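**Q** how does the following fold in three dimensions:
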Amino acid sequence: MADDLTKRGAGDRARINVNEEHELRRWSEKFEVSPERLREVVEQTGPMAEDVERAIKGGPRGGRGDGAAD
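**A** From the prediction side, this is the model:
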């Protein structure tokens, strides 16, 4: 069943659902990456927009098990 596009809440703004074409397109444009790249990053980081943005911009990952010293 498709998302009800008239219902938007904090959860919708905080999570990226790459299985919904409209979300994939919107977030790809926001982060200026291809839909394929966005899918890759979401697979690596999870669906939280903040984590995805941090990974795309190359910021610190904090506790993601990337082996970097704190």
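**Q** which other residues reach stretch 43-59?
**A** Identification of contacts with stretch 43-59 by C-beta atoms under 8 Å, 6 or more residues apart in numbering yields 13-18, 27, 31, 33, 37-38, 41-42, 60-61, 64. For every residue, glycine as well, the C-beta is placed using N, CA and C.
**Q** who wins for most neighbours among these?
**A** Comparing the contacts of stretch 43-59 by number of neighbours (other C-beta atoms under 10 Å), residue 16 comes first, having 27 neighbours.
**Q** next one: that residue from residue 34, what distance?
**A** From residue 16 across to residue 34, the span is 14 Å (C-beta to C-beta, to the nearest Å).
**Q** after the one helix or strand residue 30 maps to comes which helix or strand?
**A** Applying DSSP states H and E as the criterion places residue 30 in helix 21-31. Tracing the chain C-terminally past helix 21-31 and defining elements by DSSP H and E, one meets helix 35-45 next.
**Q** mean confidence score for the helix or strand that that next one is followed by?
**A** The helix or strand immediately downstream of helix 35-45 is helix 49-57, counting by DSSP H and E. Mean per-residue pLDDT for helix 49-57: 96.
**Q** convert helix 49-57 to PDB, retaining C-alpha atoms only.
**A** What follows is helix 49-57, C-alpha atoms only, in PDB (Å, rounded to 0.1, in the frame of the first residue of the first chain):
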ATOM      1  CA  ALA A  49      18.400  11.400   7.000                       C
ATOM      2  CA  GLU A  50      20.900  12.900   9.400                       C
ATOM      3  CA  ASP A  51      23.200   9.800   9.100                       C
ATOM      4  CA  VAL A  52      22.800   9.700   5.300                       C
ATOM      5  CA  GLU A  53      23.700  13.400   5.000                       C
ATOM      6  CA  ARG A  54      26.700  13.000   7.300                       C
ATOM      7  CA  ALA A  55      28.000  10.100   5.200                       C
ATOM      8  CA  ILE A  56      27.400  11.900   1.900                       C
ATOM      9  CA  LYS A  57      29.200  15.000   3.200                       C
END
